[in-house]
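S.K.: below are the sequence and a predicted model; questions follow.
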Amino acid sequence: MENKIQLSKKDRMSVALRHQFLQGSWNYERMQNGGWAFSMIPAIKKLYPNKEDQVAALKRHLEFYNTHPYVSAPVMGVTLALEEGRANGEPIDDVAIQGVKVGMMGPLAGVGDPVFWFTVRPILGALGASIALGGSALGPILFFVLWNVIRLIFLWYTQEFGYKAGASISSDLSGGMLGKITEGASILGMFIIGALVQRWVSISFTPVVSTIPQQAGAYIDWTTLPSGVDGIYQALKLYAALGPNGLDPVKVTTLQSNLDSLIPGLAAVGLTLLCCSLLKKKVSPIAIILALFAVGIIGRLLGFM
Amino acid sequence: MTPITILLVVIVALLAGMEGILDQWEFHQPLVACSLIGLVTGHPAEGIILGGSLQMIALGWANIGAAVAPDAALASVASAIIMVLALNGGDTDTTAAINTSIALAIPLSVAGLFLTMIARTIATGIVHAMDAAAEKGDFAAIERWHIVAIFMQGARIAVPAAALCFIDPAIVTDALNAMPKWLTGGMAVGGGMVAAVGYAMVINMMATREVWPFFALGFVFAAINQLTLIALGVIGVCLAILYIGLKDLAKQGGGSGGGSGDPLGDIIDNY
């Protein structure tokens, strides 16, 4: 047997580097095909020394392709393994290669979208944003570094995994593993979204529900406080004991404090569920966003928000 | 703005535009893009706060398949530049500048959507040029066309950004100061609510009957203020592992239990 042509680790790495630009020429006709061919070029050059084979390979990889840009990495790994086999004379035809690509891209996109776009990014984004709201540079840095470390590790190791597993991987795809990852991601995602709705959707209704005079002792009697530092000490001590309601002789209850005593954030969750059902009825998100701004302005004008 | 500042802004915008399509390094996410614009224009703290606020709104924006989400890249870059102009123009309230920029980001994200569609249509022509190059086995030409496409996507954001830089800051500030209190206040109220839309998009993508209880759990756990987001993340991961593990166990139990799934019944039957 003559020596086989093999893709070295360096070749695979150069494909992985290019693979990051997968979506660069995303188009309505064949979607990610340009980026895919662009990524395959180092491998094609290495595997097929003669021009005819190169042309055939380029055409083969300019066919329709579209998946989530990160989970495309294992598909790339498997394709590299198949092309390597073909270059060494194994009977792998165009249909087989295109079949593996198409067969993998669908189910994998179904994992990539919920895992990366709807779980990891919202979590890291919310983490970074909550720090950033205080003006700290740690927020954006944390988001940027964590995201890219996770991404680069994922891209490289899943491509290697695909390359080593070769064609056998596509039969595993329908198995339980992917389903479990998707399910786990949606559980974590829903949990975090629930938390984010509570923390970051802010609605505040300002109308006053009741104004009740408080009993003596339930509020700080400012007229009887000793003067000077003693008075401040006394007032702070009372404040610590009585809470914010102790500042005034009358207790003002707004609609918001009533709602908060049920569950803080009840209005926020109501609004979110309303948005869910509007989106399901095919109302455009932009329309909802503009409507919310309008509600905000009207609410402020009429003085109830 | 000085020529160097404008150049730096355009570079950031170019990166944001490229990433808007590539979706890898995430330079187009508001948290990164606004912070960078703030950094190069000398308003880092304001840029970071704007980025954080917009990020909360844009959490659920993602391109799925061929569907395109509101454009985070143009929204963050353009609104950050407008905020910087307002701050540079002289006396203005920082909070008002940030809040107005948040409200402006929404129509900008729609405008960005149209630019994206145009760019993706032009890219169709580019891949036809790639086909022709493939016919000749011309590797260099394919690479060149792909890079052209990436820069075209960058220009989608960089060109509007550069144009914005030449607006007189005084005009922006005056416009901002001329806004009545109820309008800026109302936009701040609206800004507090719009995050719900992004979350709703994510929920609709993931929700099944099985996972709704986890949403409720997340909601009530978050009311405990001592729990940080990281703590909540740990709880969420544990819940997911426990749930899937238990479900697996239940399945196995059902499989090996001889089919009836009723051990007591089996004993009685055998007796």
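M.R.: Received the coordinates, thanks. Numbers count the residues shown, from 1 in each chain, chains lettered A, B, ... in the order given.
S.K.: which regions of the stretch 51-200 of chain B sit below the pLDDT cut-off?
M.R.: Within the stretch 51-200 of chain B, the segments meeting pLDDT under 70 span B:64-68, B:91.
S.K.: which residue ranges of it form helices?
M.R.: Under the criterion DSSP state H, counting those that start in this stretch, helices of the stretch 51-200 of chain B are mapped to B:72-88, B:94-135, B:139-165, B:169-178, B:181-206.
S.K.: as a whole number, average confidence for stretch A:19-34?
M.R.: Mean pLDDT, computed over stretch A:19-34, is 93.
S.K.: would it count as contacting chain B?
M.R.: Yes - counting by Cβ under 8 Å from any Cβ of the partner chain, contacts between stretch A:19-34 and chain B involve A:20-31, A:33-34. All C-beta atoms are positioned from the backbone trio N, CA, C, and that covers glycine.
S.K.: please indicate which of those residues are buried?
M.R.: Neighbour counting by 16 or more other Cβ atoms under 10 Å in any protein chain shown classes A:20-27, A:30-31, A:33-34 among the residues of stretch A:19-34 next to chain B as buried.
S.K.: what distance separates the longest helix seen in chain A from the centre of its chain?
M.R.: The single longest helix within chain A, with elements called by DSSP state H, is helix A:138-165. Centre-to-centre, helix A:138-165 and its host chain are 14 Å apart (Cα atoms, centre = their mean, to the nearest Å).
S.K.: can you check stretch B:51-67 too?
M.R.: Here stretch B:51-67 is found 3 Å from its chain centre; the criterion is Cα atoms, centre = their mean.
S.K.: stretch B:207-227 too?
M.R.: Worked out by Cα atoms, centre = their mean, stretch B:207-227 lies 22 Å from the chain centre.
S.K.: what does stretch B:162-180 give?
M.R.: Computed by Cα atoms, centre = their mean, the chain-centroid distance of stretch B:162-180 equals 26 Å.
S.K.: show me which positions of that stretch end up buried.
M.R.: B:162, B:164-165, B:169, B:172-173, B:176.
S.K.: contacts for that stretch?
M.R.: The contact list for stretch B:162-180 (Cβ atoms under 8 Å, 6 or more residues apart in numbering or on different chains) reads B:1, B:5-6, B:9-10, B:13, B:78, B:81-82, B:85-86, B:88-92, B:96-97, B:100.
S.K.: quick one on the thing from earlier: can you list the residues of stretch A:19-34 next to chain B in CSV and add secondary structure?
M.R.: Converted to CSV, the residues of stretch A:19-34 next to chain B look like this (DSSP: H, G, I helix; E, B strand; the rest coil):
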residue, secondary structure
A:Gln20, coil
A:Phe21, coil
A:Leu22, coil
A:Gln23, coil
A:Gly24, coil
A:Ser25, coil
A:Trp26, coil
A:Asn27, strand
A:Tyr28, coil
A:Glu29, coil
A:Arg30, coil
A:Met31, strand
A:Asn33, helix
A:Gly34, helix
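S.K.: A:Ser210 sits in which helix or strand?
M.R.: strand A:208-213 (DSSP states H and E).
S.K.: strands paired with that strand, and their directions?
M.R.: Taking DSSP bridges as the criterion, strand A:208-213 pairs within the sheet with strand A:250-254 (antiparallel).
S.K.: can you list contacts of the partner strand?
M.R.: The contact list for strand A:250-254 (Cβ under 8 Å, 6+ apart) reads A:205-214, A:218, A:245.
S.K.: which residues touch A:Ile97?
M.R.: A:Ile97 is in contact with A:60, A:79, A:82-83, A:86, counting by Cβ under 8 Å, 6+ apart.
S.K.: in three-state terms, how would it be classified?
M.R.: Here A:Ile97 is helix, with the state taken from three-state DSSP.
S.K.: over to B:Met1?
M.R.: coil.
S.K.: over to B:Asn225?
M.R.: Here B:Asn225 takes the coil state, with states given by three-state DSSP.
S.K.: neighbours of it, how many?
M.R.: By other Cβ atoms under 10 Å in any protein chain shown, the residues close to B:Asn225 number 8.
S.K.: again with the one 10 residues further on
M.R.: Residues within reach of B:Ile235, counting by other Cβ under 10 Å, total 18.
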